[in-house]
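S.K.: Here is my input, please return the structure:
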Amino acid sequence: MPELGKLIALSELFEVSVDYLVKDWVEEEASANAERLEETVADLARYMKGYTYDSKTRVFGIPLVSIRLTRHGLFGRESVAKGIIAIGNAAVGVVALGAASVGAFSLGAFSVGVLSIGALAAGVCSLGALAVGVAAFGSAAVGVYAGGVAAVGDQIAVGVAAMGQTAIGQEATGQHTLLWGNGLAAVQVEQFLKEHHPDLWEPLLRLFSFLGAHIQ
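M.R.: Numbers count the residues shown, from 1 in each chain. This next block holds a predicted model:
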């Protein structure tokens, strides 16, 4: 609010009443406040809506790229990104990245896919804090082939604590076991695995040999 002395001087200069000047100032201030409020509401609406995008390029009617990043209705139907490449709170695609994601290649807090990476991961090959899959690797891993701190594998398990038909670890339970003891060399682990799984896929053989030699 302008000072009273200035208001009186202005009223005398323009030959209008002080009430008229005060009323005019109040109206201008109210108008400015209304504009600021409208801008704030618009910013808030944009913030809650987030960002959505579907590319014009499509493959069999599916967007090449689909993005759904929202803060309201995180997992509603309209909040799911569906595309060849999908990115969003929830994403479904060949390549899917999101809090919850499903795809051939999936990356997210919870992910399901052929190759999945996430806090909770499930797939043919999965990597995560908790991983479940044909080949699973993580802090806790369960699969046909499993490697991690705690590993349970139908065929092979390698970890600090391992359980499987063939188990390698500080604590190992299974039909064939190899204990860490004072340490293992990769060549020892490789020979042990070849003895009991002669047809093991070479990349898995090398990976498990490396994990077995670096349990600690």
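
S.K.: what's the following helix or strand after the helix or strand hosting residue 100?
M.R.: Using DSSP states H and E, residue 100 maps to strand 80-173. Proceeding N to C from strand 80-173, the next assigned helix or strand is strand 176-179, under DSSP H and E.

S.K.: Flag the shaky bits of the protein, pLDDT-wise.
M.R.: Low-confidence segments of the chain (pLDDT under 70): 1-50, 71-78.

S.K.: switch the cut-off to 80
M.R.: 1-51, 70-79, 216 (pLDDT under 80).

S.K.: Could you chop it up by domain?
M.R.: Per automatic domain parsing, the structural domains of the chain span 4-48, 52-213.

S.K.: How about the contacts made by the residue most central in space within the chain?
M.R.: In the chain, the residue lying closest to the centroid (CA atoms, centre = their mean) is residue 108, at 3.0 Å. Counting by CB atoms under 8 Å, 6 or more residues apart in numbering, residue 108 touches 91, 96-101, 118. Bear in mind the C-beta positions are built from the backbone N, C-alpha and C, glycine included.

S.K.: can you pull up the bridge partners for the closest residue to it other than its chain neighbours?
M.R.: Nearest residue to residue 108, sequence neighbours excluded (CB to CB, 6 or more residues apart in numbering): residue 101, at 3.7 Å. In this entry, residue 101 is beta-bridged to residue 91, residue 111, by DSSP bridges.

S.K.: ok, how many other residues are close to residue 101?
M.R.: 30 (other CB atoms under 10 Å).

S.K.: pretty sure residue 51 is touching residue 69, no?
M.R.: Yes. Contact between residue 51 and residue 69 holds when scored by CB atoms under 8 Å: they sit 4.6 Å apart.

S.K.: So between those two, which is more surrounded?
M.R.: Neighbour count, other CB under 10 Å: between residue 51 and residue 69, residue 69 has more, with 16 against 11.

S.K.: pretty sure that one contacts residue 87?
M.R.: Yes. Between residue 69 and residue 87 a contact is recorded at 7.4 Å, counting by CB under 8 Å.

S.K.: on that earlier part again, which of the contacts of residue 108 sits closest to residue 194?
M.R.: Nearest to residue 194 among the contacts of residue 108 is residue 118, at 32.3 Å by CB to CB.

S.K.: Mind listing what's buried along stretch 127-136?
M.R.: 127-128, 130-133, 135-136 (16 or more other CB atoms under 10 Å).

S.K.: among these, which two are most distant?
M.R.: Farthest pair in the buried residues of stretch 127-136, by CB to CB: 130 and 135, 14.7 Å.

S.K.: measure residue 65 to residue 83 for me?
M.R.: 6 Å (CB to CB, to the nearest Å).

S.K.: go on, residue 216?
M.R.: Taking CB to CB, one finds residue 216 at 43 Å from residue 83.
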